[in-house]
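Undergrad: Kindly return the folded structure for what I paste below:
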Amino acid sequence: MANDFYCDEVLSGCTFVQKVIETENVLAFHHTRPYYPVHIVVIPKRHIPSLIALESDDDLLLLELFAIIKRIAAQVVTDHGACRVITNIGDYQDSKHLHWHVICGQPLKPTDFANREE
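TA: Numbers count the residues shown, from 1 in each chain. Predicted coordinates for the structure are as follows:
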């Protein structure tokens, strides 16, 4: 699987993540290098390349993913007043593993990145 940070690093346990919610099929965690003050990633534990790669057999998984996204988004809205839920496809998708970002706030400044742990 080419360029799949989530399978290669997160789900394998090679990269530690701060979990928000975990079920048998889904993992939600704080982004390892956030681009927003609140930046949570939600992934299926089974490899699916992207939203457009979902099959009809994936309907129950998609319902579970969106239930968790909804729960996290509701909490972020309660805590911060708003949020965005984003998924990327094609060239916009750096890691070729289906995932959503639940974000809040303005993008962090490049100077904030200098202090991030790699």
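
Undergrad: can you tell me which strand in the chain is longest?
TA: When the chain is parsed with DSSP state E, its longest strand is strand 38-44.

Undergrad: what's in contact with that one?
TA: Residues from elsewhere that reach strand 38-44, judged by CB atoms under 8 Å, 6 or more residues apart in numbering: 6, 10-11, 20, 25-31, 61, 65, 68-69, 72, 76, 79-80, 83, 97-105. (C-beta placed from N, C-alpha, C; glycine too.)

Undergrad: swap in stretch 95-102?
TA: Under CB under 8 Å, 6+ apart, the answer for stretch 95-102 is 1-7, 28, 31, 38-44, 47-51, 53-54, 65, 69, 72-73, 76, 83-87.

Undergrad: from the chain's centre, how far out does it sit?
TA: 5 Å (CA atoms, centre = their mean, to the nearest Å).

Undergrad: what pairs with the residue most central in space within the chain across the strands?
TA: Nearest to the mean C-alpha position of the chain, counting by CA atoms, centre = their mean, stands V41 at 1.9 Å. The partner list for V41 in beta bridges (DSSP bridges) reads F29, H101.

Undergrad: And it, how close does it get to D57?
TA: With distances taken as CB to CB, to the nearest Å, V41 is found 24 Å from D57.
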